[in-house]
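Participant: Okay, here's the prediction I keep looking at, along with the sequence it came from:
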Amino acid sequence: MLQLRINGIDIDLYDLDPPKFNFAIEDITDTTTRSMFTRTFRVPATSNNTQFFETAFDINGVDFDVRQKINAQILVNGVLFRSGQVRLNKVYDSREGARIDYELIFLGETKDFSTSVGEGYLNELDLSEYDHTLNISAVTTSWQAYPEGTTTDGLFDGDILYPLIDFGINYNEDGDQIQTLIQQDNTAGIDCFTKSAHPLPINRFKPMIRAKAVIDKIFSEAGYTYSSDFLNSNRFRHIYLSAFGNTNSITTETGSNRLKVRYTDSEPISPIPFDIIDYDYGNNYTSPSYTAPLTGTYQYTYRVNGSIATGEFGSGNLTVHLRENGTIIDSSSFSCPSSEGFCSFSLGGNITTSTNAGQQITVTLEESGVVEFVGISDAMLRVDTAPGEVSIANELDDNYKKIDFIKDIITKFRLVLVPDRNIPNQFIIEPWQEYIGTGEVLDWTKKLDVSKDFIIEPLFYTQSARIEYKDTEGEDYLNTLNQSEFKEVFGTLYVNGDNDLLSGKRDITTNIIPTPLTQLERKNTSIGHTFIIPHIHLHEAGEVAAYNPQHLPIKGNSRLLFYNGIYDTDGIDWFIELDTTGNPHTTFPMVSYLEDFPNNNTSLNLNWQKESGYIEHNQHNFELGVSVYDAYWSNYIDSLYDGFARKVNAYFILDDTDLVNFNFDNVIFVKNAYYYVSKITDAIIGKKSKVKVELIKLRNYKVDITPIRPERYWNTTYQNWEDAVFRWDL
């Protein structure tokens, strides 16, 4: 008997043929477009049903809330068959009003998971448990994460990492650098982090978060759990997702103490009493001063626009100062010659500096020369970065959906997402090749309907002639260089079927951006060969030769990288601001697309194929290791294109037990061969029936047979069998 139970209430069903279900192997590898068990029920408006539906779906006559979904189960003879959710889709009202029916759509577990995750974005996740102050302790502690330390070492047990990455710098209107360069150069006038006078500010480190931590949070917020040897493995544990922010910035935003204030009055008062507060997250502004709440690195932007009138006997001069407790820390000047008489001006600047707690930041305007009139059209003071709480969620890609991230992980590692029939709201997540063909062996030979044809055909007929595996294009200079030279995204792989019977093309894509690597830029090229980091910035021509090409910042999300641990800089010393114990640093925290560095024969490469890349000086043998295609896709694809691979269509007589206990990891034995199930079509739940099944032959399947002890024939009836020593080789 088939039962439909909604919120613990058994729904009255028509005594008609039970619904039919389809099972497809693709359903366990797709989180969005498919549901393993989606079926429609039309049920009568009995008093039991009507009372429940009117309450559950806000029914008023024939009106109802179509958005409402409620937990439901399908049971067969009292045994749980599948869990999911139902929506009320239609209400049927006969012309005479004599009968009302309700049409329900049952959504199986996979579709329910996708619905529960919803259309939200990664930066909407509640990751507040990872909020922290960005300081030298947080950064250096994060470097102890696995594999440098144990799987629970590091910042927040290793879930948050601050690797060394070159995100570029900003330049002023004259083309001069504003911030410290992440490169080695001892030339006078070039401010590099290899000079103790120009250490790297702590906010130049941007965070990454363990991919597993993001997956855990998505599942938790959706109300699901999972079991997975793969996701819990040490290999996956040191894969991190970028949290590099959503602007073309070189720094990490610390939202709790940022500020933006404006002045709209035309009167030139000094200090400027900014009267409009766009935001003051730390409540640190009292006109006319911003009071630094913590000691650390701050980035200030200030601007004053307006007009000036001069006399006929001399030019008029204006200077805008940014002051810290009255002391000038930055200035911008303008001169309007007497020959002009009237000029418009735009003054201001951007500065990153260390500020002590309690210092007051003001903007002053000073006049000199012959000035008859000054008018301000607008003025602004902004604190772009300040010490305070880093919000990891805010730094995640605000254009990356949670469900797309799950789908990308499933795609990248060819995972299956299988509802666990033993634990409600739990999935089994494993690589395809470690799941398919690993379950119980079921002998269906006697269930075969011999009255129907047993159709055997080559499997490759279902495939395309060409498959393209690629990630998303990146804007950084190494990605654009690769795209320009080779007309493809870094790491792209083309798999050809090498079969003239096939046609067409199939695309396997992700939203993940690949990250080519190269050595730290350096003046002295005889050192630093092992100083290999990501360079996530543009290269563009600038006006100042010393800074050519300019390293312009870009939005860096979303990227997956391994943390490789702490590596030697090969003779390059570098400095971090306010680091009283570590300077100079002779090692650095390395991230890359390689599981191990240098890589070995078993190292995983996160790209679809192994590229020679841009690492120089023989520091990397790109031919070693395995790509994600080699490790997780190749066996599957080879099995599809193998000339001896076979697909079988046949009919089997299956009953409730066969269908209720079926899993896609089951191995099906028929006659003299082993298969896995690709599709089950129109399976009738609740009665024994003929069911169409599509099987894929498991080539080279190894049968694990427990040896049977051979019968022992004694040489003499006088031998004491209790004292005998059994030998399996007899």
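Facilitator: Done, it's in.

Participant: Which parts of the chain belong to which domain?
Facilitator: 2-117, 140-171+211-245+396-422+511-627, 255-387, 440-464+644-730 (automatic domain parsing).

Participant: Quick check: mean pLDDT of the first one?
Facilitator: The one in question is domain 2-117. For domain 2-117, mean pLDDT rounds to 73.

Participant: what about that domain, how long is it end to end?
Facilitator: Start to finish, the residues bounding domain 2-117 are 30 Å apart (C-alpha to C-alpha, to the nearest Å).

Participant: now Val139, nearest residue through space, not along the chain?
Facilitator: Excluding the flanking residues, the one nearest Val139 by C-beta to C-beta, 6 or more residues apart in numbering is Tyr162, at 4.4 Å. For the C-beta atoms, the positions are set from N, CA and C on the backbone; glycine is no exception.

Participant: make that Lys688, sorry
Facilitator: Among residues not flanking Lys688 along the chain, Asp655 sits closest, at 4.1 Å (C-beta to C-beta, 6+ apart).

Participant: Name the residues linked to Leu161 by a beta bridge.
Facilitator: Beta-bridge pairing of Leu161 under DSSP bridges involves Met208.

Participant: same question, Glu324
Facilitator: Per DSSP bridges, the residues bridged to Glu324 are Thr327, Ile361.

Participant: Likewise for Tyr102?
Facilitator: With DSSP bridges as the rule, Tyr102 is bridged to Val43, Val91.

Participant: Burial check on it, number of neighbours?
Facilitator: Neighbourhood size, Tyr102 [other C-beta atoms under 10 Å]: 22.

Participant: And Arg235, by the same measure?
Facilitator: Neighbours of Arg235 under the rule other C-beta under 10 Å: 14.

Participant: My guess is it contacts Leu604. True?
Facilitator: Yes: using C-beta atoms under 8 Å, Arg235 is in contact with Leu604, at 6.5 Å.

Participant: what touches both of the two?
Facilitator: The contact sets of Arg235 and Leu604 overlap at Glu595 (C-beta atoms under 8 Å, 6 or more residues apart in numbering).

Participant: ok so, going back, quick check: the residue nearest to Val139 touching Phe205?
Facilitator: Yes: with contact defined as C-beta under 8 Å, Tyr162 and Phe205 form a contacting pair (4.2 Å).

Participant: Find residues that contact each of these two.
Facilitator: With C-beta under 8 Å, 6+ apart, Tyr162 and Phe205 have common neighbours Val139.

Participant: Now for Leu442: which residues touch it?
Facilitator: Applying C-beta under 8 Å, 6+ apart, we find Leu442 in contact with Asp658, Asn666, Val667, Ile668, Phe669.

Participant: nearest to Phe113, of these?
Facilitator: Nearest to Phe113 among the contacts of Leu442, counting by C-beta to C-beta, is Asn666 at 22.1 Å.

Participant: give me the number of residues near the closest residue to that closest one other than its chain neighbours?
Facilitator: In space, and not counting its chain neighbours, Asn666 is closest to Gly439: 4.7 Å by C-beta to C-beta, 6+ apart. Neighbour count for Gly439, taken as other C-beta under 10 Å: 14.

Participant: which secondary structure element contains Gly439?
Facilitator: Counting by DSSP states H and E, there is no helix or strand that carries Gly439.

Participant: do Gln144 as well
Facilitator: Here Gln144 sits in a region with no helix or strand, counting by DSSP H and E.

Participant: doesn't Thr152 make contact with it?
Facilitator: No: judged on C-beta under 8 Å, Gln144 makes no contact with Thr152 at a distance of 10.1 Å.

Participant: Comparing the two, which residue is more hemmed in?
Facilitator: For Gln144 versus Thr152, the count of surrounding residues by other C-beta under 10 Å is larger for Gln144: 17 against 12.

Participant: Helices of the protein, start to end?
Facilitator: Listed in chain order, the helices of the chain (DSSP state H) span 47-56, 109-117, 136-142, 211-222, 234-237, 392-395, 402-412, 477-486, 628, 634-641, 656-660.

Participant: can you put those in CSV and add distance to Pro424?
Facilitator: Putting those into CSV (distance: least, C-beta to C-beta, whole Å) gives the following:
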stretch, distance to Pro424
helix 47-56, 20
helix 109-117, 9
helix 136-142, 37
helix 211-222, 13
helix 234-237, 25
helix 392-395, 28
helix 402-412, 19
helix 477-486, 44
helix 628, 32
helix 634-641, 30
helix 656-660, 16
